[in-house]
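**Student:** could you work out the structure for the sequence below:
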Amino acid sequence: MVENLEETFLSRQEVFAGKLLNVHVDQVRLPDGKTASREVADHCPCVAVVALDGGNNVLTVTQYRYAFGRALLEIPAGKLEEGEEPAAGALRELREETGAVPDELLPMGKILPSPGCLGEELYLFLARGLTMGEARPDEDEFLRLERIPMEELAHRCLRGEIEDGKTVAAVLKAKLLLNL
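**Tutor:** Numbers count the residues shown, from 1 in each chain. Just a heads-up that it's a prediction; the model follows:
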């Protein structure tokens, strides 16, 4: 068994620089001394929010996801702006996508959505005590807002009907934390 699992960076080739992500191929030295390539897509940090109303309904958004060629049901989420704290970003994204402003915002930790190739950190939050206002999604965001009972949404996650990873992780975390 190998004690040290760390890989040592040797060199980098930049492949693509975009608005949303940058792609590079790194050469690394493996723990056994051999070398290997690592393809990495770097993505800015993001936030996602389980917004729970007084009736234990979760605010969800459905939007078309081009990479998969279909609309997916998700919790409100988005990327952090440069220098923005995760809690501030969560409040901003929730307000933009749903119009909701919470009395309480609780952190539920951070997840790494696809650590084999994607350099993204995703901060999860639980929002309660919602006051509803007008949603103001980004210019290129077309969303359908829906309230789904937490119990139903959790069952849909467990049955595989909800495929979005951040939604599955956050909904199940929130359900366990709240003992619902």
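**Student:** surely residue 11 is in contact with residue 25?
**Tutor:** No. Taking contacts as Cβ atoms under 8 Å, residue 11 lies outside contact range of residue 25: 9.1 Å. (Each C-beta comes from the backbone N, C-alpha and C, glycine too.)
**Student:** which one's more surrounded, the two?
**Tutor:** Taking neighbours as other Cβ atoms under 10 Å, residue 11 and residue 25 compare with residue 25 leading, 13 against 9.
**Student:** following element in sequence after whatever helix or strand the more buried one lives in, please.
**Tutor:** Residue 25 belongs to strand 21-29 when assigned by DSSP states H and E. Following strand 21-29 in sequence order, the next helix or strand is strand 35-43 (DSSP H and E).
**Student:** packing partners of that following strand?
**Tutor:** strand 21-29, strand 118-119 (3 or more Cβ pairs under 8 Å, 6 or more residues apart in numbering; DSSP states H and E).
**Student:** mean pLDDT lowest for which of the ones you listed?
**Tutor:** Lowest mean pLDDT of the helices and strands packed on strand 35-43: strand 118-119, a mean of 88.
**Student:** tell me which element residue 89 is part of?
**Tutor:** Using DSSP H and E, residue 89 maps to helix 86-98.
**Student:** give the rounded mean pLDDT of that helix.
**Tutor:** Per-residue scores along helix 86-98 average to 96.
**Student:** wouldn't residue 102 be in contact with residue 94 here?
**Tutor:** Yes. Residue 102 is within contact range of residue 94, at 7.0 Å (criterion: Cβ under 8 Å).
**Student:** need the overlap of contacts for those two.
**Tutor:** 51, 127 (Cβ atoms under 8 Å, 6 or more residues apart in numbering).
**Student:** for the two, indicate the residue with more neighbours.
**Tutor:** Neighbour comparison, residue 102 and residue 94: the larger count goes to residue 94, with 28 against 21 (by other Cβ under 10 Å).
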